[in-house]
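J.: from the sequence below, what's the structure:
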Amino acid sequence: MKKIALAISLLISLTAAVRSQERPPQLLVRASQCLVAKKFLLPAKTSHFTLGYLLDEKSYPGDKMLYVVNYAAPAKANGLVFVVFVTEHDGREEFDIQNNASFVLSREESSGVSFLSPPLGGKWTQQHLASAIKQIENQPRFTILLKDLSSVGAGVTCESYSDPERKRGEKQQRVP
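T.: Model (predicted):
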């Protein structure tokens, strides 16, 4: 039984390593650049991030909502999840970070996801985030080097619910 568990663990690790070698989509790279710029992704002791994502264009008609997961490690099933709205204004791509939470995949929770730091927005938001995390789990993970996220590309604007001007009421927060 121990040999089978070890073999499965090794297979998962190898699968994660192979998947992470795929080239990351530019949408994920640009969103991640904004997450670093707004200090949501902190380069503690790492030279890279292991990320997954899901693009949702149905929940908010006319808006693109990007769920980004930053995994604690390549083969781990825990980390941080972010909700980023993506819009275009005057030829510039705007990434608006609207929510985030710490999570761990959990067999005890009916959703399969347990939130360590709950997101804003209550149960509805938790259900949508849990659904997105589970979908991301079935997709490739990407390894992106910190040096590739150190500056925001030209034509990209980054905003966040935590920006000081938001606290004065300039923009309303969307709670996904």
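J.: center of this structure, which residue is that?
T.: Val68 (1.6 Å; C-alpha atoms, centre = their mean).
J.: so in terms of bridging, what pairs with it?
T.: Note on Val68: beta-bridge partners Tyr53, Phe82, judged by DSSP bridges.
J.: and for Phe103?
T.: Gly79, Phe115.
J.: isn't it right up against Gly112?
T.: No: look at Phe103 against Gly112 with C-beta atoms under 8 Å: they stay out of range, at 10.1 Å. From N, CA and C alone the C-beta is placed, and that goes for glycine too.
J.: neighbour count winner among these two?
T.: Between Phe103 and Gly112, counting by other C-beta atoms under 10 Å, Phe103 is the more crowded of the two (23 against 15).
J.: spatially, which residue comes closest to Phe142, not counting chain neighbours?
T.: Nearest residue to Phe142, sequence neighbours excluded (C-beta to C-beta, 6 or more residues apart in numbering): Pro24, at 3.8 Å.
J.: correct me, but the one you found touches Ile144?
T.: Yes: taking C-beta under 8 Å as the definition, Pro24 is a contact partner of Ile144 at 5.4 Å.
J.: now do the shared contacts for these two.
T.: Leu51 (C-beta atoms under 8 Å, 6 or more residues apart in numbering).
J.: could I get stretch 68-75 in CSV with only the CA atoms?
T.: This file holds the C-alpha atoms of stretch 68-75, laid out as CSV (Å, rounded to 0.1, in the frame of the first residue of the first chain):
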residue,chain,number,x,y,z
VAL,A,68,-5.5,33.4,-10.5
VAL,A,69,-4.1,30.8,-8.1
ASN,A,70,-0.7,31.1,-6.6
TYR,A,71,0.2,27.6,-5.3
ALA,A,72,2.4,27.2,-2.2
ALA,A,73,4.6,24.8,-4.1
PRO,A,74,4.4,23.0,-7.6
ALA,A,75,2.7,19.9,-6.3
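J.: buried residues, that stretch. List them.
T.: 68-71, 74-75 (16 or more other C-beta atoms under 10 Å).
J.: I'd guess Lys70 is in a strand, am I close?
T.: Quick fix: residue 70 reads Asn, not Lys. Yes: under DSSP: H, G, I helix; E, B strand; the rest coil, Asn70 falls within a strand.
J.: can you tell me how far it is from Asp63?
T.: Distance, Asn70 to Asp63, by C-beta to C-beta, to the nearest Å: 22 Å.
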